[in-house]
Each structure stands twice: as structure tokens, then as C-alpha cells.
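Chemist: Provide a 3D model corresponding to the input given below.
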Amino acid sequence: MDSIAHVLLCSRDPAVIEAVEVTAAAMAVPLRIAREAESARANWPTAKLRLVSTEMAARWTSAPPGRAFLVGTSTSELARCSAQLELPVLPLPDVGGRLAEALMQASLAEREHGVTVALIGASGGLGVSTLTVGLALGARRSGSSAAVVDLARYGGGLDLVAGVETSEGMRWPDLGSARGELGDVAGSLPSVGGVPLLAHSREAPASPSPDAVSAVITALARAHQVVLADCGREPPSVPTDHVVLVVGADVRSVAAARMLAEGRSLAPTAIVVRRGPGRSLPEQVVARTLGAPSLGQVGHHRALPRLAELGLLPVAGPARGFARQIAPILTGLTGA
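Modeler: A predicted model of the protein is given here:
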């Protein structure tokens, strides 16, 4: 499983690919190459810089949002595609050093906030809540700061999964009307294993406004390297760096994932495949069907429900196998 690329090149032209690869390698800038439209769509949202060669751009009617340049060796083709897609151009060969400058800016661009991740279940019973908490605890154990936000309104409260339902601290009713720039939100939340967690209230499960969700996630992302949101089966109400769809490795779950994506205009940046009894479809078949890269697979762990009932963390003791399986997923999301 590859980590998400820093710079994306959409091209089939060997000359363009070689020219960009040489420049990127010389500057030690990570590069991912998409030779097909499906791969370009899947990787576009997470790239910091996108380069599109004219032979691929000629087939496009518009460019997706995000910082992008056209690259190519023909000035006439660059001009034509630029007029059609309204994108700036970087001619090749890079005599003036403009490509090198763009790559350097992408390489040096420092993230002003932590990585934000929305996790969505294609259907029920896929363990999205446990996965969300497990990823946050895994990040914390590996030395990264992490926070968790519960956006599954009728999920029963993520604090139950984490075993902190009796802990003091704010829940969504306390922040449901927040907006603008918030201060230290994390210090007022319940914490599990050093991870602050904002959960829904079982007494008043009202949906926070999009402004409140944005304000809370932004505040947590300023103070933490990873912020994970359990969205249940609903797309997030605010943009996040990654939208991860958790899909069972069975025909019905894959069909549900496609219906969810099409019905809610959801474009996941990646998927996680859940295995278990009756879930035996190959990981790459699921990924190819949904048109999104897979971050990894998680098997069926019988100990997890019992651990949740006991209020124990889903990354230690009998759950060590679960922790090992989610480690590469976390790496794919954070690059760490």
C-alpha cells in the first residue's frame, strides 16, 4: 500500500514523465504518477500540487478544484489546453526553472494544521467507531498527538466505545452552537489514553451546526497532528483532508458503498476493507470497483466487542492483532 503522494503528475507521455521525474528526484520531492483518469481522480484531492500533461488535459472539459499546472513540450497545445481549462502552464524542458520552483514550493509548504480524516461506513456493523478510536490511539502510541470527534449522531456516543462515558468533560450540546475561532477545546474534553474525544450526548443527540463542526475540528487540528471524525454513514458536513470509506469485503457492502457515493455525491480519497465471515472479496477488487485506493484491510477480531463492554482500549492485550492491522492505515493517512 502506497502512501498518498505529495505531488501528482497526470500523464502518459514518456517524455513528460521523465522530465518531471528527473526534476522531482533531484529535489527529493515525492511524486505519484497517474496514467489513467481513474487514478487521477482518486489521487487528485490529496495532492499538494497537480501537474497535468496536455495529452491528458485535451480530454478534459474542466479541471477539478486544487492547485494545478499544465505541463508539456508543445507551446501550441499548452496554450489551447490553458484556454480551455483556465490553468497556468509550465513548459518543458524546464529552461526557466519554473517547474523546479513549483515543486520546491510544494515541498516546503508547511501544514498549518494537523491531518483531518473523516471515516464513513458503507453499511452498519463495520466497526467504524472502533477503527476511529483505534487509529487515534495508534497515532498517540507512535508519538503523534491525536484527537477524535464524534459526528455519528445516532451512534450511541463514541465515549462508550472509548470507555470514558462517565468521565467529566464537554459533549456536543456544549459546543453545538460554536462558531469562529475557538481556544483550547481539547482541555475541556474527556480523554482516553491521552487522546481528547468529543462525543454526542445520549440525553440530547442534536446535530451540531456545520459552523460548530468546522470551528471544533479547526481548533483541534491547530493543536494536534491527527484529528479523526467518526461520521457514521453520513458524509462530513465540512471539508477534511481525507474521506475514508470503510467497506466490507462482500458484494452487498460494495453495492451499498457505490449507492452511498452516488446518492450523496461522496468522493472518498481512500477506502479501508473489512474482512470477516462472508467477507472474502479481494482487496484490490473492492478498490477497483469503487475507484479509490485502499489503505489496508482489517479482519474480524472477536475480542473487540467484549473489550468495549469492559471499557478497555482497543489497541492492547487481546486487541494487539487489531493494532498491527491498523498501523499501515495510519501510515497511509499521515505519511508517518
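Chemist: which residues touch Thr61?
Modeler: Contacts for Thr61 (Cβ atoms under 8 Å, 6 or more residues apart in numbering) come out as Gln84. Any C-beta I mention is one placed from the backbone N, CA and C, and that applies to glycine too.
Chemist: then Leu266?
Modeler: By Cβ under 8 Å, 6+ apart, the residues touching Leu266 are 120, 235, 243, 245, 260.
Chemist: quick one, phi/psi of it?
Modeler: phi -90, psi 130 (degrees, to the nearest 10).
Chemist: can you list the weak-confidence ranges in this structure?
Modeler: Within the chain, the stretches with pLDDT under 70 are 1-6, 96, 107-112, 205, 302-319, 335-336.
Chemist: Val243 pairs with what?
Modeler: Ala118 (DSSP bridges).
Chemist: surely it touches Pro235?
Modeler: Yes. Val243 is in contact with Pro235 according to Cβ atoms under 8 Å; the separation is 7.3 Å.
Chemist: ok now do Pro236, which residues does it touch?
Modeler: Applying Cβ under 8 Å, 6+ apart, we find Pro236 in contact with 118, 120, 151, 213, 229, 243.
Chemist: return the distance of Glu283 relative to Ser294.
Modeler: Using Cβ to Cβ, to the nearest Å, Glu283 is found at 5 Å from Ser294.
Chemist: that should have said Arg320, apologies.
Modeler: Arg320 is 23 Å from Ser294, where distance means Cβ to Cβ.
Chemist: neighbour count winner among the two?
Modeler: Shown here are Arg320 and Ser294; by other Cβ atoms under 10 Å, Ser294 has more neighbours (19 against 12).
Chemist: OK, contacts around Ala24?
Modeler: So Ala24 contacts 7, 30-31, 103 (Cβ under 8 Å, 6+ apart).
Chemist: at 10 Å instead, please
Modeler: Neighbouring residues of Ala24 by Cβ atoms under 10 Å, 6 or more residues apart in numbering: 6-7, 9, 30-31, 51, 99-100, 103, 106-107.
Chemist: list the helices and strands the helix or strand harbouring Val247 packs on?
Modeler: Following DSSP states H and E, the helix or strand that holds Val247 is strand 242-248. Helices and strands touching strand 242-248, as assessed by 3 or more Cβ pairs under 10 Å, 6 or more residues apart in numbering; DSSP states H and E, comprise strand 115-121, helix 128-141, strand 226-230, helix 251-263, strand 270-274, helix 283-290, strand 294-298, helix 320-334.
Chemist: what's the spacing between Ala292 and Arg41?
Modeler: Ala292 is 9 Å from Arg41, by Cβ to Cβ.
Chemist: neighbour count winner among these two?
Modeler: Applying other Cβ under 10 Å to Ala292 and Arg41 shows that Ala292 carries more neighbours, namely 24 against 15.
Chemist: before we move on, the earlier item: between Val243 and Pro235, which is the more surrounded one?
Modeler: Using other Cβ under 10 Å as the criterion, Val243 and Pro235 rank with Val243 on top: 24 against 18.
Chemist: quick one, helices of the chain?
Modeler: Counting by DSSP state H, the chain has helices at residues 14-26, 37-43, 54-57, 75-85, 98-108, 128-141, 158-162, 172-175, 210-223, 251-263, 283-290, 303-310, 320-334.
Chemist: can you get me a residue count around the nearest residue to Ile326 once chain neighbours are set aside?
Modeler: Using Cβ to Cβ, 6 or more residues apart in numbering and skipping residues adjacent in sequence, the residue nearest Ile326 is Gly134, 5.2 Å away. Residues contacting Gly134 under the criterion other Cβ under 10 Å number 27.
Chemist: same question, Ala63
Modeler: As a burial measure, Ala63 scores 17 neighbours (other Cβ under 10 Å).
Chemist: Gly299 too?
Modeler: Gly299 is flanked by 13 other residues according to other Cβ under 10 Å.
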